[in-house]
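Have a look at this prediction, sequence included:
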Amino acid sequence: MINKLAYRNMKRSARNYIVYIFTIALAAAMMYAFNSLIFQNELDDCFFGLSMDEEADPMNLMGAMIILASVFIVLIVSWLIHYMVRFMLEKRSSEFGIYLLLGMRKKKIASLYVRENILLGTAAFLGGISLGVLLRQVLVAVLFAIVQMEYHIKFSFDKYTVMMTILCYGGCYSLALFRCRRRFKKMNIHALMNERRRNEEVKEGHEEAKRLLLPVSIVMILGFWTVLKKITDSAQLGMFLTGLVVTIYMFYMGVSSWIICYIRRKKDGIYKGQNLFLLRQFASKVKTMQFTMGTLTSLFTIAFMGASVAFMFSDYENKLLDKKFPFDVQIYSQDVSDDFSDEKKIIAEHAQVTEFYPYYIYTDQNNQANIWMMTHLSAFGEIYLDKNGQADLEEIENVLKDNYIYCTYDTYMGISDYNHLREMLGYDAVYIEQNEYVLHVKERLKEEVKDIGSGLRIPDASGEHMLSCGGIFTEPFSQDGHNGGDYIIVVADDVLSRMQPYYAELTASLHGSVPMDLQQRLNALQPEQEGDKESADQAVAIQLPGNGCAGSDTVLVFAQDISVRENMIPQAKYMLSSIVIPLLYIGLVFLCVAVTVLSVQQLSDSVKYKYRYDILAKMGLGRVDIRRLIARQLGAYYLCPALVAAAVSGTMILKISKIFVMFTGLATNPWIYFGKSMVLFLGIYFVYFLVTYIEFLHNVE
């Protein structure tokens with residue numbers, strides 16, 4: 001009997017809360033699809049062991065990010081299930097009160113309600129798993145497309161993926177239903193019979209004072225943006241986010257009180273059209289859902305920010321990653337006596353070589369260029385300036401010795417080597433006069449170094465005269481530790497006679513494709529054992545120290561002694577995808593959860609609103625007017641948390657994206673990332689709104 005009753009109630013709940021069922025089924029589908037990237041990732045076979053270094057293995061990063069994302073997903077889905085379980089309990093409190101009057105024990109009622117929710121969750125889970133199998137194919141196909149590999153659709157089930165999905169999904173329901181059983185133990189007939197009525201009451205008190213929270217919260221939000229750039233550690237960030245969330249809750253307390261006071265004062269605006277009805281409905285809803293609306297706004301804010309950051313990394317991947325590795329093969333050696341014979345042999349055995357070109361990077365054992373860069377680039381700010389605004393030479397010297405931003409000494413290249421490398425890359429040759437030098441820098445630094453010519457005093461071959469700057473070039477030129485870090489100074493070949501070779505480089509042009517393990521084979525030549533390392537150190541003991549660098553990139557750094565273009569780009573794209581995909585995963589789930597709460601709240605009240613709209617119809621309001629009024633009512637309710645979240649997160653995202661653009665050199669408007677996330681989420685938002693609007697009309701009419 002209990003099982004039949006539970007099954008009947010489950011079917012009724014499924015009809016009444018179809019949006020909720022769809023959302024948890026979608027959550028289960030996404031859990032399965034993303035968990036499969038940990039246990040069923042076909043790219044493991046392609047990339048395992050081929051990562052740029054063991055500590056940054058993209059496989060480990062992908063798995064770690066998915067697990068981290070799953071923690072947030074479990075928590076937020078648990079909150080949704082708990083919210084819905086409690087919400088449905090409140091709506092059915094009279095029913096459960098009647099059960100108690102008929103003699104049914106509280107334990108039996110709690111067991112019945114738990115069974116209903118378990119059946120409901122199981123049905124959604126089975127539908128979600130079926131959808132998850134399809135979603136997994138889409139997700140893996142996207143990953144293969146990102147790394148430029150062909151993917152063949154293959155449907156399969158992995159027991160570990162299914163087990164982890166069941167564990168995550170079951171954990172969500174266990175957390176929610178555990179609190180539900182505790183709630184039943186505290187219930188009595190009187191409480192159950194009055195639960196729904198109590199929840200509909202709107203208590204108004206001290207509204208004149210509370211309405212001041214609206215302007216105060218707005219001022220506080222604006223104040224947060226002024227201190228955002230001053231945050232320097234995780235503790236300050238935590239305090240900032242906590243204060244921001246509290247301010248959001250204050251905002252909703254202020255909004256409801258402000259509207260109530262506006263109505264009380266009988267301003268002219270309330271008598272225009274149906275404004276009085278709309279304002280009263282909106283104020284009462286916000287009043288009873290202040291905490292929920294604040295929570296939903298926080299979820300929207302996180303979703304917008306997560307998606308925007310994901311679009312930043314995706315934009316970098318699409319626009320700049322190819323430029324990071326302009327040469328087919330680039331190999332660095334700190335030993336200037338290295339002839340690269342072993343590397344050449346391996347490359348020739350596994351790829352079709354068009355040309356090998358070894359060359360040197362030189363130095364004059366001076367660091368004037370390094371000092372100029374560290375005191376003028378925005379990436380360093382005022383870190384290396386003393387209190388008088390001058391270069392702190394002692395601090396800079398210590399950093400150059402212990403840090404790999406730049407080499408200890410300035411880096412130079414001869415014009416003949418420079419033009420040969422430009423020819424390999426398809427660039428036009430550069431000609432300089434005997435009394436000139438040219439500077440080649442990363443494209444993002446072009447505007448910042450335009451005045452560098454006045455700060456560098458580079459002697460000519462004789463050392464008696466100074467060279468002048470003959471131009472600045474910014475084509476992609478492998479300047480993350482190979483052809484200098486950030487910059488290389490190009491001089492006439494005879495000027496190199498007064499300099500010393502600093503480190504050796506080898507570039508290779510290849511024809512056709514290369515094996516995916518070519519970089520791994522080349523990396524195997526590097527000294528790994530302690531004895532090999534000591535031998536290598538002894539071999540370069542006569543060389544100048546500090547000839548390794550990585551440049552001033554901070555957001556994404558690709559500094560490798562050996563880089564094979566066709567191996568590095570797919571690996572780097574996969575690594576970036578390990579960040580992009582989990583962020584979108586979190587954002588989508590947070591958005592769907594928040595919108596589901598909004599939809600269920602409105603649809604559950606549609607019966608109550610039916611009575612009110614019937615009265616409006618009897619007062620002469622036409623059917624079309626009523627539909628417009630419903631659209632305005634739902635629109636205000638839906639847009640409020642979304643617009644607040646957009647306003648709160650917009651400035652933060654703008655600041656973050658400006659920093660991202662500055663440090664990566666992307667030629668993109670910083671607002672574009674926030675715009676993309678808004679378009680994506682508003683599309684999903686509109687779908688939920690449309691479904692809610694149609695169901696609402698159906699219930700009312």
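Thanks, I have it.

and the strand or helix carrying S577, average pLDDT?
Under the criterion of DSSP states H and E, S577 resides in helix 565-604. Mean pLDDT, helix 565-604: 85.

excluding its backbone neighbours, what's nearest M88?
In space, and not counting its chain neighbours, M88 is closest to S13: 6.4 Å by Cβ to Cβ, 6 or more residues apart in numbering. For the C-beta atoms, the positions are set from N, CA and C on the backbone; glycine is no exception.

would that neighbour count as being in a helix?
Yes. Counting by DSSP: H, G, I helix; E, B strand; the rest coil, one finds S13 located in a helix.

Who are the contact partners of R136?
32-33, 36, 40 (Cβ atoms under 8 Å, 6 or more residues apart in numbering).

picking up where we left off before, roughly how far apart are the residue nearest to M88 and I684?
Distance, S13 to I684, by Cβ to Cβ, to the nearest Å: 24 Å.

Look at the two and report which has more neighbours.
Using other Cβ atoms under 10 Å, the more surrounded residue of S13 and I684 is S13, with 20 against 14.

list the contacts for that one?
88, 116, 120.

just those residues now: which is nearest I18?
Of all these, L120 has the smallest distance to I18: 11.3 Å, by Cβ to Cβ.

picking that back up, could you turn the buried ones of the contacts of R136 into a ChimeraX selection?
A single ChimeraX command selects the buried members of the contacts of R136 (16 or more other Cβ atoms under 10 Å):
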select :32,33,36,40
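
Strands - which of the contacts of R136 land there?
Residues of those located in strands (DSSP state E): none.

Okay, now the unreliable bits of the chain?
Where the chain drops to pLDDT under 70, the residues are 1, 41-61, 147-152, 179-205, 228-230, 232-234, 267-268, 271, 527-543, 607.

all strands in it, in order from the N-terminus.
Remark: strands assigned in the chain by DSSP E are 329-333, 352-363, 412-414, 436-441, 458-459, 466-473, 487-491, 500-511, 562-564.

Out of those, the one nearest Y673 is which?
Smallest distance to Y673 across these (Cβ to Cβ): 25.7 Å, for strand 436-441.

what angle separates the closest one from strand 487-491?
Counting by axes from the mean of the first three to the mean of the last three Cα atoms, to 10 degrees, strand 436-441 points 160 degrees away from the direction of strand 487-491.

Run me through the strand neighbours of strand 436-441, direction for each.
strand 466-473 (parallel), strand 487-491 (antiparallel) (DSSP bridges).

would you put the C-alpha positions of it in PDB?
What follows is strand 436-441 as a C-alpha-only set of coordinates in PDB (Å, rounded to 0.1, in the frame of the first residue of the first chain):
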ATOM      1  CA  GLU A 436      72.200  50.700 -35.900                       C
ATOM      2  CA  TYR A 437      70.600  47.900 -34.000                       C
ATOM      3  CA  VAL A 438      67.100  46.600 -34.000                       C
ATOM      4  CA  LEU A 439      65.000  45.200 -31.200                       C
ATOM      5  CA  HIS A 440      62.700  42.200 -31.600                       C
ATOM      6  CA  VAL A 441      60.000  41.900 -28.800                       C
END
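
quick one: that strand to chain centroid distance?
37 Å (Cα atoms, centre = their mean, to the nearest Å).

quick one: the helices in the stretch 551-700 of the chain?
Here the stretch 551-700 of the chain has its helices, by DSSP state H, counting those that start in this stretch, at 565-604, 606-618, 623-664, 671-700.

which of those is buried the deepest?
helix 565-604 (a mean of 23; mean count of other Cβ atoms under 10 Å).

tell me the angle of it relative to strand 329-333?
Angle between the axes of helix 565-604 and strand 329-333 is 110 degrees (criterion: the same axes, to 10 degrees).

count of neighbours near G665?
Burial measure for G665: 18 neighbouring residues, criterion other Cβ under 10 Å.

OK, contacts around the closest residue to it other than its chain neighbours?
Excluding the flanking residues, the one nearest G665 by Cβ to Cβ, 6+ apart is R444, at 2.5 Å. By Cβ under 8 Å, 6+ apart, R444 lies in contact with 662-665.

circling back to that earlier point, name the stretch among the strands paired with strand 436-441 that sits most buried.
strand 487-491 (a mean of 25).

Tell me which of the strands of the chain sits nearest to Q519.
Taking Cβ to Cβ, strand 562-564 is the member of these nearest to Q519, at 4.2 Å.

From the rest of the structure, what touches that closest one?
Applying Cβ under 8 Å, 6+ apart, the external contacts of strand 562-564 come out as 325, 327-332, 343, 478, 482, 514, 518-519, 522-523, 526.

between those, which is closest to G414?
If you rank these by distance to G414 using Cβ to Cβ, H482 comes first, at 15.5 Å.

thinking again about what came up before, if I look at the residue nearest to G665, how far off is Y487?
Distance from R444 to Y487, counting by Cβ to Cβ: 12 Å.

what's the spacing between F282 and G635?
Separation of F282 from G635 (Cβ to Cβ): 10 Å.

ditto for H698
Separation of H698 from G635 (Cβ to Cβ): 18 Å.

for I166, same thing?
Here I166 is placed at a distance of 39 Å from G635 (Cβ to Cβ).

One more: T301?
20 Å.

For I396, grab the count of nearby residues.
By other Cβ under 10 Å, 21 other residues sit near I396.

quick one: the helices in the stretch 251-400 of the chain?
Along the stretch 251-400 of the chain, counting by DSSP H, counting those that start in this stretch, helices occupy 275-288, 290-319, 321-324, 341-350, 368-376, 393-402.

Switch those helices over to CSV; also include distance to M424.
Supplementary listing: the helices of the stretch 251-400 of the chain in CSV, determined by distance: least, Cβ to Cβ, whole Å:
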stretch, distance to M424
helix 275-288, 65
helix 290-319, 23
helix 321-324, 15
helix 341-350, 15
helix 368-376, 25
helix 393-402, 30
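
closest one to L75 among those helices?
helix 290-319 (11.3 Å).

Can you mark which positions in the closest one are buried?
Buried residues in helix 290-319, counting neighbours by 16+ other Cβ under 10 Å, are found at 290, 292-317.

picking that back up, and the helices of the stretch 551-700 of the chain as CSV, adding distance to M466?
Shown next, in CSV, are the helices of the stretch 551-700 of the chain (distance: least, Cβ to Cβ, whole Å):
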stretch, distance to M466
helix 565-604, 38
helix 606-618, 82
helix 623-664, 32
helix 671-700, 44
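
What residues does G484 make contact with?
For G484, the contacting residues are 361, 407, 411, 413, 440, 549, by Cβ under 8 Å, 6+ apart.

was I right about N367 contacting I405?
No. Contact criterion Cβ atoms under 8 Å: N367 and I405 do not qualify, at 11.9 Å.

Roughly how far does G223 sit from L244?
Using Cβ to Cβ, G223 is found at 10 Å from L244.

more neighbours, those two?
Neighbours were counted for G223 and for L244 using other Cβ under 10 Å; L244 has more, 18 against 12.

Surely the more buried one and I221 touch.
Yes. The pair L244 and I221 passes the contact test of Cβ under 8 Å, sitting 7.4 Å apart.

Identify the contacts common to these two.
Counting by Cβ under 8 Å, 6+ apart, the residues touching both L244 and I221 are V648.
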